[in-house]
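Q: below are the sequence and a predicted model; questions follow.
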Amino acid sequence: MSTGWLPFLSSSSAGEADEDTYYLEREIEMLERALREQGVLRRRELGRLVGCRYWGPGRFGRALRAAMRQGRIARPSRGHYGPTG
């Protein structure tokens with residue numbers, strides 16, 4: 001049975017999980033800061049401002065979803081993100 005390709009590395013230790021949590025928190029903070037400073041932005045522009053192309057595959061979308069789930073950024077319309085409040 002073939003396992004196929006996975007778009008992320010599996011964590012095998014608590015230290016790696018802690019590191020992943022640290023990076024996710026840092027990425028969310030970058031999103032919050034950019035939106036506070038710039039206001040509502042299109043997804044592509046937000047990604048460019050925070051340099052998400054250097055984060056690794058799938059990390060930008062993951063950080064956006066986590067930030068919205070935590071109520072730290074808003075999605076006022078489709079494809080646009082903004083600060084809360």
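A: Nice, I can see it. Numbers count the residues shown, from 1 in each chain.
Q: what distance separates the longest helix belonging to the chain from the middle of the whole chain?
A: Counting by DSSP state H, the longest helix found in the chain is helix 14-38. Relative to its parent chain, helix 14-38 has a centroid offset of 7 Å by CA atoms, centre = their mean, to the nearest Å.
Q: okay, buried residues for it please.
A: 27-28, 30-31, 34-35 (16 or more other CB atoms under 10 Å). Using the backbone N, CA and C atoms, a C-beta is placed for each residue, glycine as well.
Q: next: stretch 36-49.
A: 41, 43, 46-47, 49.
Q: picking that back up, tell me which other helices or strands the longest helix of the chain touches.
A: helix 43-50, helix 59-69, strand 73-77, strand 80-83 (3 or more CB pairs under 8 Å, 6 or more residues apart in numbering; DSSP states H and E).
Q: mind putting the buried residues of stretch 36-49 into JSON lines with distance to residue 73?
A: Below are those laid out as JSON lines (distance: CB to CB, whole Å):
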{"residue": "41", "distance to residue 73": "10"}
{"residue": "43", "distance to residue 73": "11"}
{"residue": "46", "distance to residue 73": "9"}
{"residue": "47", "distance to residue 73": "13"}
{"residue": "49", "distance to residue 73": "13"}
